[in-house]
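Q: Mind looking at a prediction? Sequence and model below.
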Amino acid sequence: MRIARTVYWLFAWVFILGVTVQVFLAGMVVVAREMGWNAHRDIGHFLAAPLLVMLICAYVGRLPTAMKGMTWLLVIAYLLQADVVIFMREAAPLVSAFHPVIALVDFTLGLALARRARGLLNQPGAESGLPSVEEPAARS
């Protein structure tokens, strides 16, 4: 269980780093005009891989239900951004303009999940896969 949680945490950071690189590459195209969209597109498609690993590790690592739900929400946001919204440029340009806005959602959800996953790594019982038993608080 600890290994799955560690892998989840690592791949959450890979995803966050990938989103950051995506923003930089978009800036290289739009602002600096130094390159085309190919690298941005290719890395964007690559980001499905860390999300898939996170999704699998969320269940293998027995993450809390809320984190599993947030992971699914991140996957849905990514799919909307990468496979729906961006392709609506001609039919619905205002909708396609949400592509970079969803990148903010991706980054924020990824960061929240990475931080929560880090907190789980130090929980007692994470090594054995057993739920942790909290010591009762001392009464005064």
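A: Everything's here; your move.

Q: what sits against the residue nearest the centre of the chain?
A: Nearest to the geometric centre of the chain sits residue 110, at 3.5 Å (C-alpha atoms, centre = their mean). Counting by C-beta atoms under 8 Å, 6 or more residues apart in numbering, residue 110 touches 12, 15-16, 19, 74. From N, CA and C alone the C-beta is placed, and that goes for glycine too.

Q: helix or strand for it, which one?
A: Per DSSP states H and E: residue 110 is located in helix 99-121.

Q: buried set for that helix?
A: 99, 102-103, 105-107, 109-110, 113-114, 116-117, 120 (16 or more other C-beta atoms under 10 Å).

Q: Which residue ranges of this structure form helices?
A: For the chain, applying DSSP state H gives helices covering 2-30, 38-46, 48-60, 65-83, 93-96, 99-121.

Q: Can I get the worst-scoring helix or strand of the chain on mean pLDDT as CSV, trimmed to CA atoms?
A: Ranked by mean pLDDT, DSSP states H and E, the weakest helix or strand in the chain is helix 93-96, scoring a mean of 93. Extracted as CSV, the C-alpha positions of helix 93-96 are listed here (Å, rounded to 0.1, in the frame of the first residue of the first chain):
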residue,chain,number,x,y,z
PRO,A,93,-14.7,29.4,-30.1
LEU,A,94,-15.9,30.7,-26.7
VAL,A,95,-15.9,27.2,-25.3
SER,A,96,-12.5,26.4,-26.7
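
Q: begin at 5 from here
A: Happy to do that; since the first residue is 5 now, the last one works out to helix 97-100.

Q: List the buried residues in that helix.
A: Residues of helix 97-100 classed as buried by neighbour count (16+ other C-beta under 10 Å): residue 100.

Q: So which of the contacts of residue 114 is the closest to residue 97?
A: The nearest member of those to residue 97, counting by C-beta to C-beta, is residue 23 at 23.0 Å.

Q: Quick one, grab the pLDDT at the closest one.
A: pLDDT for residue 23: 98.

Q: From residue 95, how far out is it?
A: 26 Å (C-beta to C-beta, to the nearest Å).

Q: Which one of the two is surrounded by more residues?
A: Neighbour tally, residue 23 and residue 95, criterion other C-beta atoms under 10 Å: the higher count belongs to residue 23, 23 against 8.
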